[in-house]
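**Student:** I'd like to go over a predicted model; first the sequence, then the structure.
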Amino acid sequence: MTFAEPAFLALVFALGASLGSFVNVVAWRVPLGRSISRPGSACPSCGAPVRWRDNIPVIGWLFLGGRCRDCRVPISFRYPLVELAAGVLAVAIWLGLSGPVVMPARIEQLLPNVVIPFVLQMAFVMTLLALLLIDLDWFLLPDKMTLPLALLGLAASLAIWRTTGVTLEKAALGALVGGGAPLVMGLVYGMLTGRVGLGGGDWKLLLGIGAWLGLGSLPFVFFAGAVQGLVAAALFRRDFALVEPPPLPGEASEEVGPAPAAPPSAVPFRRLHVPFGPFLALAAIEWLLFSKELTRLFGHVFTGIR
């Protein structure tokens with residue numbers, strides 16, 4: 001079996017989907033301060049342990065009809081969706097590194113140029129996927145995930161720069177500008193307006209993205225993240241119509257009783273709180289997968305203006 005055949009790509013998909021299942025666990029437990037390793041997966045409603053056969057990515061959810069085997073409470077469609085997305089991303093990353101051509105049968109020949117970059121880039125993308133979900137749920141980007149992401153990016157530049165083109169120098173410069181520029185802009189904006197314009201976790205996420213993808217990726221990541229965030233806020237205004245981010249577990253609300261909910265149309269667009277992290281993460285994944293095409297596209301746009 002060669003490394004570009006459908007059977008092998010199915011194994012790559014299965015690996016990615018399994019990692020997606022773990023991403024679901026991380027996104028659920030890390031904000032709550034729980035261990036990501038113990039106890040095993042359980043139903044959030046009744047606490048019944050999930051059987052191994054029900055824990056097969058995507059297939060388990062379909063086999064159960066989207067409901068817990070024990071209490072029959074519906075299980076969110078987000079779980080298989082994340083697993084499916086992680087599997088597709090794994091295949092896309094593999095093909096981006098190996099190409100669609102038939103590869104040598106000996107994995108030792110692929111180790112430095114495909115396998116090691118694949119493992120490291122999957123770690124990067126799965127971390128971004130978990131951060132995306134956490135920020136959507138909690139308006140939170142945990143330091144315990146964003147800061148190690150930057151350190152791992154610098155280390156990865158030493159291991160796979162021949163494949164990615166991101167040397168240690170480019171990674172360090174990307175981290176410096178990615179984390180430093182938004183931090184300075186946010187501080188200046190805060191001093192001028194008295195409001196928070198960029199979340200405290202966003203610049204740390206950009207620190208990690210810059211370390212992994214290099215300085216050249218940052219204009220696209222920041223611009224595409226902002227545009228996609230605005231589009232999402234406009235399309236899904238009901239979901240983002242929050243005057244304040246949801247409280248973390250254990251935090252008491254200063255209000256007595258729930259505030260009356262305003263219809264989405266009554267909430268001014270300028271007052272919508274939209275988490276920026278998910279769209280930065282999405283743009284970073286887009287750059288990782290399509291940087292060559294994006295460079296050609298934008299290069300053609302700018303040089304084609306007469």
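**Tutor:** Arrived safely.
**Student:** okay but residue 277 is in contact with residue 133, surely?
**Tutor:** No: applying C-beta atoms under 8 Å, one finds residue 277 not in contact with residue 133, separated by 10.1 Å. Bear in mind the C-beta positions are built from the backbone N, C-alpha and C, glycine included.
**Student:** Which residue of the two possesses the greater neighbour count?
**Tutor:** Taking neighbours as other C-beta atoms under 10 Å, residue 277 and residue 133 compare with residue 277 leading, 25 against 21.
**Student:** ok, so what distance separates the more buried one from residue 184?
**Tutor:** Using C-beta to C-beta, to the nearest Å, residue 277 is found at 19 Å from residue 184.
**Student:** So for residue 120, what's the nearest residue that isn't a sequence neighbour?
**Tutor:** residue 156 (4.7 Å; C-beta to C-beta, 6 or more residues apart in numbering).
**Student:** meant to ask about residue 69, not that
**Tutor:** Nearest one to residue 69, counting by C-beta to C-beta, 6+ apart, is residue 54 at 6.0 Å.
**Student:** That neighbour touches residue 63, doesn't it?
**Tutor:** Yes: the pair residue 54 / residue 63 is scored as a contact, 7.1 Å apart, by C-beta under 8 Å.
**Student:** neighbour count winner among these two?
**Tutor:** When neighbours are counted by other C-beta under 10 Å, residue 54 and residue 63 differ, and residue 54 comes out ahead with 17 against 12.
**Student:** Distance check, the more buried one against residue 19.
**Tutor:** Distance from residue 54 to residue 19, by C-beta to C-beta: 18 Å.
**Student:** Check residue 207 too.
**Tutor:** Residue 207 is 23 Å from residue 19, where distance means C-beta to C-beta.
**Student:** out of the two, which sits in the more crowded spot?
**Tutor:** Comparing residue 207 with residue 19 by other C-beta under 10 Å, the one with more neighbours is residue 207, at 25 against 22.
**Student:** average model confidence for the helix or strand containing the more buried one?
**Tutor:** Per DSSP states H and E: residue 207 is located in helix 202-213. The average pLDDT for helix 202-213 rounds to 96.
**Student:** Then stretch 225-232?
**Tutor:** Here the average pLDDT along stretch 225-232 is 92.
**Student:** Setting the sequence-adjacent residues aside, check what's closest to residue 277.
**Tutor:** Leaving aside its chain neighbours, residue 277 sits nearest to residue 135 (3.7 Å; criterion: C-beta to C-beta, 6+ apart).
**Student:** Verify the stated contact: the one you found with residue 201.
**Tutor:** Yes: here residue 135 reaches residue 201: they are 7.4 Å apart, a contact under C-beta under 8 Å.
**Student:** what about the host helix or strand of residue 131, distance to the chain center?
**Tutor:** Secondary structure assignment for residue 131, by DSSP H and E: helix 116-138. Helix 116-138 sits 4 Å away from the centroid of its parent chain (C-alpha atoms, centre = their mean, to the nearest Å).
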